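Colleague: take this sequence and fold it.
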Amino acid sequence: MKAFAALYNELDASTSSLAKQAALQRYLREADAADAAWAVYFLAGGKPRQLVPVKLLRLLAQEAAGLPEWLFDESYDAVGDLAETIALLLPPPSEAHELGLAGWVEQHLLPLRDAAKAAPDQLADRLRAQWRQLAPEERLVYFKLITGAFRVGVSKLQVTQALAAVGGIDAKRVAQRLMGYTHIGGRPQADDYRALVAAESGAEQEQKTSGQPYPFFLAHPFNQPLEQFDAVLGPPSDWIVEWKWDGIRAQLVTRAGTVWVWSRGEELVTERFPELAALGEALPDGTVLDGEIVVWREGRVQPFAELQKRIGRKTLGAKLLRDIPVVLLAYDILEWEGRDLRALPQSQRRLLLDELVGRMDHPSLLPSPMLTGPDWPDLARQRETARTMGVEGMMLKRRDAQYGVGRTKDVGVWWKWKIDPLSVDAVLIYAQRGHGRRASLFSDYTFAVWDGPPEQEDRKLVPFAKAYSGLTDAEMARVDAIIRKTTVESFGPVKSVKPTLVFELGFEGIAHSTRHKSGIAVRFPRMLRWREDKPVEEADTLQTLAALLPT
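Modeller: As a prediction, the model looks like this:
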C-alpha cells in the first residue's frame, strides 16, 4: 500500500509525461505481481463499486477530527475533494501495517461492502480501525478507492506503454490484452498481471476461446473547410463513407459457443441486450463484429433518448423489449472463423461483412449503409440531412486502412466529420465550486432559458442544463469573480446568483424528459462562448429549445 500511495503522489504531482512514464515503469518493475495486478486495474480505469455510504464517511471523519459540521463543510469546499479533505483532517495514525496493495484491497477494502449489508452497526468500527493504520498519504488513496473517486493524471495509453516497456513487447499487443481487464470480476490476480507482460507466444491463442474483445479503432475529428477536402483527402472514391450513428459502440464476440457484447468503455453488456445475445448465438463461431447498438423502430434509428430508457432499467420485461427493440448496425468484421482480420484493408473487411449480413438475414443485424457521391460538395449536401436522420454526421474510412488500436494513424485512418452542435443562448443561474485544480473556483454552472417571450410580463427562468467545460482559465476566473459579487442565496455548496451572464450553450442531442423541470434534456452540454454582447432579456426561451426537438 505504501508503494502504491507513493506512486499515486508522484503521478499526481507531476505534469511531465516522461516523469510519469518513468514512475509507472519503476513501480511495475519493483512491485509484487499481485500488487501490480491491482495497480494496473485502478490506473486503467477499474473501480470497485462505492463501498461505504459517503454520508457515513463524512460523519465519522467529522467526529474523529472534532469539528462542527459547518467547519467540516467549509474545509470540504476549500479543498474541493472529499477523500483529500478527510485524509487531511483525521488525527495521525496510531498503528502500522505491512500489507501491500493487493493485501489491503482484498483483506480490508472489498469486505467493507459485505459488512455494510450484513453488519452495518460494525462498519464504523471497521473504518476507524483501518484508517488508524494508514499514513496520511495512504489515506488519500484509501478514501478515493472507497468512494469510487480514484482518478490520477495518467491515461490508459500511458499504462499500456509502461507495461509494454516492462514486458519488452509491442504496445499494441498489450492494448489487446488489456481489453476487458478492468472487468475481471473486479478481482484481478497475479496471473492476470503476468499475462499482460508475458513474452509473445502461442499463449495468444487463448483469445480464440475467450470473450476478450479487440481494442477499438477510434476516429479523429475532421474540421477542414470543404474547399480543402480534395487536397487533404483526395477523391471520395478513396473512402468508405457512412453515417456517424448516435448509439453505443460495441463489439459482438462469438467464440467457443459463448456470446459476449462489449461496449467501447470495456463494459460487458450482454445481459442488457438479449436480442444481440441471440444474434451472437446464430453467428458462426469465431466471429467478432464491430458496430453501433441503436434502437430500431419503423425502419429507422430512434433518438438516443430511447436507448437510455433501456440502459436505465434494472430489469428488462417483455413489454420493454417489444417497445424499444435494438439492433447492431455493423460496420466492421474483426474476426472470422477464429482468424484476426484487422490487417486486411477496410474495403476487403467491408465486403466480408456485407456477405455475412446478407447470408444471415437476422432481424437484429443490419449493415451500416455506405453513402456515395461524385464529389465532396455532394456528400456535404447529404451531410446536411444528418439531423433529420438522427445521426451526428459522417464517418470517413480509407479503403486501404487496416483496423488500428485506439486513435492511431500508422495503419490507416478514420475521420469523423460531425455536424455543428445544436445551440441556444442561456442564462447562468446557479454555480458550484469545481474539483481538483478548480476547487477554489466556481466552475460548475446551471443554465436556464425563459419560459415565455419578452412581452410576457411574468416570465421566469427555467433551468435545463449543467455545464463546466468550454471556458478558458482567464474567462473562468472572471466569471468566478462575478459569481462571488452577485450571489443571492446559498444552498449548501450551490450558489444562486443574480442572472447577469449569458452563454451560448452547445449540445449534441435533445429530447423530451419527464425528469427535468423544463421537460427537456440535452446531451453533452458545454459552453461555446460567453455572450458578453447579449443582455439577459434576449436569452432564448423554452419555445426555442422545443423547436430543436426531433420530429
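
Colleague: what about the residue nearest the centre of the chain, which helix or strand?
Modeller: For the chain, the residue nearest the mean C-alpha position is Gly265 (6.4 Å; Cα atoms, centre = their mean). Following DSSP states H and E, one finds Gly265 outside all helices and strands.

Colleague: low-scoring stretches of the stretch 101-250 of the chain, by residue?
Modeller: Along the stretch 101-250 of the chain, segments meeting pLDDT under 70 span 118, 184-186, 201-209.

Colleague: cutoff 80 now
Modeller: 113-121, 183-186, 200-210 (pLDDT under 80).

Colleague: strands along that one, start to end?
Modeller: 220-221, 239-245, 248-255 (DSSP state E, counting those that start in this stretch).

Colleague: just checking, what packs against the longest one?
Modeller: Okay, so that is strand 248-255. Strand 248-255 is packed against strand 258-263, helix 274-282, strand 287-297, strand 326-336, with contacts defined by 3 or more Cβ pairs under 8 Å, 6 or more residues apart in numbering; DSSP states H and E. For glycine as for every other residue, the C-beta is placed from the backbone atoms N, C-alpha and C.

Colleague: mean pLDDT, mean neighbour count and distance to Arg342 added to these, as a markdown table?
Modeller: As requested, those are arranged in a markdown table below (pLDDT from 0 to 100; neighbours: other Cβ atoms under 10 Å; distance: least, Cβ to Cβ, whole Å):
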| stretch | mean pLDDT | mean neighbour count | distance to Arg342 |
| --- | --- | --- | --- |
| strand 258-263 | 94 | 20 | 16 |
| helix 274-282 | 96 | 18 | 19 |
| strand 287-297 | 96 | 23 | 10 |
| strand 326-336 | 97 | 23 | 6 |
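
Colleague: out of the ones you listed, nearest to Leu366?
Modeller: strand 326-336 (5.3 Å; Cβ to Cβ).

Colleague: quick one, that closest one and strand 287-297 angle?
Modeller: For strand 326-336 against strand 287-297, the angle by axes from the mean of the first three to the mean of the last three Cα atoms, to 10 degrees is 170 degrees.

Colleague: can we start the residue count at 42 from this point?
Modeller: In the new numbering, first residue 42, that becomes strand 367-377.

Colleague: touching the next helix or strand after strand 367-377 from outside, list them.
Modeller: For strand 367-377, the following helix or strand on the C-terminal side (DSSP H and E) is strand 380-381. Strand 380-381 is contacted from outside by Tyr255, Gly327, Leu375, using Cβ atoms under 8 Å, 6 or more residues apart in numbering.

Colleague: pull out the buried positions in stretch 260-273.
Modeller: Ala260, Phe263, Phe270 (16 or more other Cβ atoms under 10 Å).

Colleague: who's in contact with the last one?
Modeller: When contacts are counted by Cβ under 8 Å, 6+ apart, Phe270 is found next to Trp417.

Colleague: over to the second one?
Modeller: If a contact means Cβ under 8 Å, 6+ apart, then Phe263 has Leu437, Trp456, Lys457, Trp458 as its contacts.

Colleague: widest-spaced pair of these?
Modeller: Leu437 and Lys457 (7.8 Å).

Colleague: which residue of those two possesses the greater neighbour count?
Modeller: Counted by other Cβ atoms under 10 Å, Leu437 and Lys457 do not tie: Leu437 has more neighbours, with 24 against 16.

Colleague: roughly how far does the closest residue to Ser409 other than its chain neighbours sit from Arg474?
Modeller: Closest residue to Ser409 apart from its sequence neighbours, by Cβ to Cβ, 6 or more residues apart in numbering: Tyr372 at 4.0 Å. Separation of Tyr372 from Arg474 (Cβ to Cβ, to the nearest Å) stands at 42 Å.

Colleague: who does Lys536 bridge with?
Modeller: Beta bridges link Lys536 to Ala472, Ser531 when assigned by DSSP bridges.

Colleague: that one contacts Thr528, doesn't it?
Modeller: Yes. In terms of Cβ atoms under 8 Å, Lys536 counts as a neighbour of Thr528; the distance is 4.7 Å.

Colleague: who's more crowded, the two?
Modeller: Just comparing Lys536 and Thr528: by other Cβ under 10 Å the higher neighbour count belongs to Lys536, 19 against 14.

Colleague: identify the residues contacting that one.
Modeller: Neighbours of Lys536 in contact, by Cβ under 8 Å, 6+ apart: Tyr471, Ala472, Gln473, Phe483, Ile524, Thr528, Val529, Glu530.

Colleague: go through these and name the one nearest Pro315.
Modeller: Nearest to Pro315 among those, with distances taken as Cβ to Cβ, is Gln473, at 39.9 Å.

Colleague: just give the nearest non-adjacent residue to that closest one, would you?
Modeller: Gln473's closest residue in space is Asp485 (Cβ to Cβ, 6+ apart), at 4.4 Å.

Colleague: report the separation between that neighbour and Asp114.
Modeller: Taken as Cβ to Cβ, the span from Asp485 to Asp114 is 17 Å.

Colleague: how about Asp232?
Modeller: 46 Å.

Colleague: ok, the two, which is more surrounded?
Modeller: Neighbours per residue (other Cβ under 10 Å) separate Asp232 from Asp114, with Asp114 holding more: 16 against 12.

Colleague: touching, that one and Ser531? I think so.
Modeller: No. Between Asp114 and Ser531 there is no contact under Cβ under 8 Å: 10.8 Å.

Colleague: picking up where we left off before, quick one, which of the strands of the stretch 142-291 of the chain gets closest to Ala157.
Modeller: Once the strands of the stretch 142-291 of the chain are compared by Cβ to Cβ, strand 289-296 is nearest, at 31.2 Å.

Colleague: note down every partner strand of the closest one and its orientation.
Modeller: Assessed with DSSP bridges, strand 289-296 is paired to strand 299-304 (antiparallel), strand 328-338 (antiparallel).

Colleague: put together CSV for the ones you listed, with distance to Pro366 on each row.
Modeller: Putting the strands paired with strand 289-296 into CSV (distance: least, Cβ to Cβ, whole Å) gives the following:
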stretch, distance to Pro366
strand 299-304, 15
strand 328-338, 6
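
Colleague: out of the ones you listed, nearest to Val367?
Modeller: Across the strands paired with strand 289-296, closest to Val367 is strand 328-338 (Cβ to Cβ), at 5.5 Å.

Colleague: quick one, that closest one and helix 315-323 angle?
Modeller: 150 degrees.

Colleague: hang on, the earlier thing: how about the contacts made by the residue nearest to Gln473?
Modeller: Asp485 neighbours (Cβ under 8 Å, 6+ apart): Ala472, Gln473, Arg474, Gly475, Lys507, Tyr509.

Colleague: relative to Asp441, which of these is nearest.
Modeller: Closest to Asp441, out of all of these and judged by Cβ to Cβ, is Tyr509, at 40.9 Å.

Colleague: my guess is the closest one contacts Phe488. True?
Modeller: No. Counting by Cβ under 8 Å, Tyr509 sits too far from Phe488 to count as a contact (10.9 Å).

Colleague: who's more crowded, these two?
Modeller: Comparing Tyr509 with Phe488 by other Cβ under 10 Å, the one with more neighbours is Phe488, at 25 against 17.

Colleague: now do that one against Val577, distance only.
Modeller: 12 Å.

Colleague: swap in Glu283?
Modeller: 43 Å.

Colleague: who's more crowded, those two?
Modeller: A direct count of neighbours by other Cβ under 10 Å for Glu283 and Val577 places Glu283 higher, at 21 against 16.

Colleague: show me what contacts Thr299?
Modeller: Residues near Thr299 by Cβ under 8 Å, 6+ apart: Gly252.

Colleague: that one pairs with what?
Modeller: Arg296.

Colleague: surely Val335 and Arg351 touch.
Modeller: No. Under the criterion of Cβ under 8 Å, Val335 makes no contact with Arg351, lying 10.7 Å away.
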